[in-house]
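*Asks:* Need coordinates for the below:
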Amino acid sequence: MAKAKQRADKRIVQESKREVMLAEADKWQSRFARMLVILLLCLHPLFLTPDHYFKLTQQKFEFFAVSMGIALFTVMLILVARMLSEPPMPPRDRLSVADWVLLGFAAVTLLSTLLSPFGDVMNVWVGGVEPSGRYDGAITQLLYVTSFFIISRWYKPRQMDFVFFAISAMLVSLIGILQFYGMDFLGLWPNHIEEHYRENFYNIHFRTTLGNINILSTYVCAAILLCGFFYVKVESKWRYVWLGGSALSFWLMIVGGSFSGMVGTAAATFLAVPFIIENRKVLGRFLILLASWMLAFALQMLFYNVIILRTGSAAILILLFAATGLLAAGGVVLVMLWKKRAQDVTQETESGGFARWKLGVVLLIAVMVAGIVGVEILGRFENTGPIIQAREIMHGNIDDTFGTNRIYIWRNALEAFPQHPIIGSGPDTFGYAFPAEAQHFYGERYDKAHNEYLQILICQGILGLLCYLVFLGETFRRSVVLALKNPMCMAVLAAFVGYSVQAFFNISIPIASQMLWVFLGMLGALVRRQRIES
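*Replies:* Numbers count the residues shown, from 1 in each chain. Alright, predicted model coming up:
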């Protein structure tokens, strides 16, 4: 009996020691994951070398690859230390459906790389068509997967991380806005090349520390939504920093002029309407957020169209500022009314909540109908641009030149799909898989599908695309339930949805695309933490 009691006491001591060690390990792992998030989300967008826009993609890729290389080495050290500890602490996490599907995507990517028919003409591991590679090959995509697993397992979201992101987004935006108005104080635009090329290429298509306006569009879409929904949903003394980050990012989106980010921002915002009107305070903050966006639009019109070009309408400008004031005033009134209420919103009845949700759905449908009607009416008064193109598509008239020749690219890409249907032609080999006779038809070489989903279909086949879509869908399904209760999850989910929508018109390269995987990792971490706590 005495020996049995001694063994039992020893087990209790070991379990107690193990729990203490696990808590200490969890603390250091979360700190490490937090550093990785700050590196990829806050510092990576600002990173530049003295080469500036020359080899920009390579610079960003190298920053990402080095960051992930250090992260992988640290992960191995942590895992070895856990296994050699006394008692050992092997990883205990079970893989979810999303995890298994993502591992399947990684396996397809690896197999597609090894069997790529273009391995003898390009480095499929790095990716891209020479001489200007996109650096979106197998290494980059496998590192994306790795970043997801690190963040989803070890990250503990902190409000300050998103404050840092908002500050980073404001810096990126201010650099781009000032650059647009001729104040290129960082000297990003090259001055030693031919004047015509500089004025008609870099000054039009390149902005801030992100370069190409399509990539900029991806970044600002995510920044607008993440910062905006943090302001609306999260209680914090830092909420006005998030409001500033969202408003300045919106202004940069207007300056950039790329349509894909606008579509992603609008789609995610409209889809969130049923959840925004949960109470007067949240609805009021949402109106203030919309007012800040409209103010950014009005200021751009004032400075550029009216003062510089002298073509803007003063009447429209007055209407914009008036609408901004009305939205802001309405938002402030709603917030003040909410503060005067004696009863907290959490004590409201379920029927009231359901009624608000139904009203939100009605508003969402009304906004969608208004958008369709608006496109139909405004499209009649335009000869070019995205609105007239959207109207023509609504009427079944689809032209290859729509979306800056995207229709042409997509149509020819689908014709190339049967050549390598199962596992694709290899990561980032689109420029070689695209039909040779269709290249340069509009004077350009097409090395990207300008649709991330179509890009995966061509380069990693139907298996790769199915794994990717199931992974995104499963992540969304698990997150949307938590988002109804967790404001932080709602904000990250909005950024994820916005990114996923704009990805239908855009490209993936390691300048802004790492943001998606950080968001996915954050959602995985939030869901996992909630499951552990419950």
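
*Asks:* all strands for the protein, in order.
*Replies:* Here the chain has its strands, by DSSP state E, at 206-207, 211-212.

*Asks:* So which of these is nearest residue 324?
*Replies:* Nearest to residue 324 among the strands of the chain is strand 206-207 (24.4 Å), distances taken as Cβ to Cβ. All C-beta spots, glycine's among them, are computed from the backbone N, C-alpha and C.

*Asks:* can you count the residues close to residue 113?
*Replies:* 25 (other Cβ atoms under 10 Å).

*Asks:* do residue 122 as well
*Replies:* 20.

*Asks:* That one and residue 427 touch, don't they?
*Replies:* No. In this structure, residue 122 is not within contact of residue 427 by Cβ atoms under 8 Å, at 10.5 Å.

*Asks:* still on that earlier bit, figure out which of the strands of the chain is closest to residue 494.
*Replies:* Nearest to residue 494 among the strands of the chain is strand 206-207 (23.5 Å), distances taken as Cβ to Cβ.

*Asks:* Most tightly packed of the strands of the chain?
*Replies:* Among the strands of the chain, ranked by average contacts under mean count of other Cβ atoms under 10 Å, first place goes to strand 206-207 (a mean of 26).

*Asks:* mind showing which ranges of the stretch 301-450 of the chain have poor pLDDT?
*Replies:* Within the stretch 301-450 of the chain, the ranges that satisfy pLDDT under 70 run 312, 339-361, 363-364, 367, 374, 378-379, 381-386, 400-403, 440-443.

*Asks:* Which residue ranges of it form helices?
*Replies:* With DSSP state H, counting those that start in this stretch, the ranges of helices along the stretch 301-450 of the chain come out as 314-340, 350-378, 386-394, 402-416, 430-433.

*Asks:* Would you mind finding the most buried of those?
*Replies:* Counting by mean count of other Cβ under 10 Å, the most buried of the helices of the stretch 301-450 of the chain turns out to be helix 430-433, with a mean of 22.

*Asks:* For that helix, name the packing helices and strands.
*Replies:* On a contact count with 3 or more Cβ pairs under 8 Å, 6 or more residues apart in numbering; DSSP states H and E, helix 430-433 meets helix 402-416, helix 452-483.

*Asks:* Turn these into a markdown table, columns for distance to residue 255.
*Replies:* Formatted as a markdown table, these follow (distance: least, Cβ to Cβ, whole Å):
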| stretch | distance to residue 255 |
| --- | --- |
| helix 402-416 | 18 |
| helix 452-483 | 24 |
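
*Asks:* before we move on, the earlier item: columns distance to residue 415 and mean pLDDT on top of the strands of the chain, output as CSV?
*Replies:* As requested, the strands of the chain are exported to CSV (distance: least, Cβ to Cβ, whole Å; pLDDT from 0 to 100):
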stretch, distance to residue 415, mean pLDDT
strand 206-207, 32, 78
strand 211-212, 26, 86
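
*Asks:* Spatially nearest residue to residue 426, not counting backbone neighbours?
*Replies:* What sits nearest to residue 426 in space, not counting adjacent residues and going by Cβ to Cβ, 6 or more residues apart in numbering, is residue 116, at 2.8 Å.

*Asks:* For that neighbour, give me phi and psi.
*Replies:* Main-chain torsions, residue 116, degrees, to the nearest 10: phi -60, psi 130.

*Asks:* pLDDT value on it, please?
*Replies:* At residue 116, the pLDDT value in this model is 91.

*Asks:* so how far is residue 493 from residue 298?
*Replies:* 29 Å (Cβ to Cβ, to the nearest Å).

*Asks:* between the two, who's got more neighbours?
*Replies:* residue 493 (28 against 19).

*Asks:* The more buried one reaches residue 480, doesn't it?
*Replies:* Yes. Counting by Cβ under 8 Å, residue 493 does reach residue 480; the two are 6.6 Å apart.

*Asks:* returning to what we had before: closest one to residue 247 among the helices and strands packed on helix 430-433?
*Replies:* Across the helices and strands packed on helix 430-433 (criterion: Cβ to Cβ), the nearest stretch is helix 452-483, sitting at 23.2 Å.

*Asks:* Which strands or helices does the closest one pack on?
*Replies:* Other elements packing on helix 452-483 under the criterion 3+ Cβ pairs under 8 Å, 6+ apart are helix 97-114, helix 402-416, helix 430-433, helix 487-502, helix 514-533.

*Asks:* Pipe these into CSV and attach distance to residue 376 per row.
*Replies:* Formatted as CSV, the helices and strands packed on helix 452-483 follow (distance: least, Cβ to Cβ, whole Å):
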stretch, distance to residue 376
helix 97-114, 40
helix 402-416, 17
helix 430-433, 35
helix 487-502, 21
helix 514-533, 33
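
*Asks:* rewinding a little: export the strands of the chain to JSON lines and tack on distance to residue 149?
*Replies:* Output for those, formatted as JSON lines (distance: least, Cβ to Cβ, whole Å):
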{"stretch": "strand 206-207", "distance to residue 149": "33"}
{"stretch": "strand 211-212", "distance to residue 149": "29"}
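
*Asks:* Can you tell me which of those strands is nearest to residue 329?
*Replies:* strand 206-207 (32.9 Å).

*Asks:* Report the distance from the closest one to the chain centre.
*Replies:* 19 Å (Cα atoms, centre = their mean, to the nearest Å).

*Asks:* cool, stretch 448-467 as well?
*Replies:* Using Cα atoms, centre = their mean, the offset of stretch 448-467 from its chain centre is 18 Å.

*Asks:* Need the contact partners of it.
*Replies:* Stretch 448-467 is contacted from outside by 101-102, 104-105, 108-109, 112, 134, 214, 403-404, 406, 409-410, 413-414, 416-417, 420-431, 433-434, 468-469, 503-508, using Cβ atoms under 8 Å, 6 or more residues apart in numbering.

*Asks:* now swap in stretch 104-113 and tell me
*Replies:* Contacts for stretch 104-113 (Cβ under 8 Å, 6+ apart): 119, 124-125, 137-138, 141-142, 145, 423-427, 459-461, 463-464, 467-468, 471.

*Asks:* Which members of those residues are classed as buried?
*Replies:* 124-125, 137-138, 141-142, 145, 423-427, 459-461, 463-464, 467-468, 471 (16 or more other Cβ atoms under 10 Å).

*Asks:* For stretch 281-296, report the contacting residues that lie outside it.
*Replies:* 224, 228, 231-233, 239, 243, 246-248, 250-251, 254, 276-277, 320-321, 323-325, 327-328, 330-339, 345.

*Asks:* Nice, that's everything, thank you.
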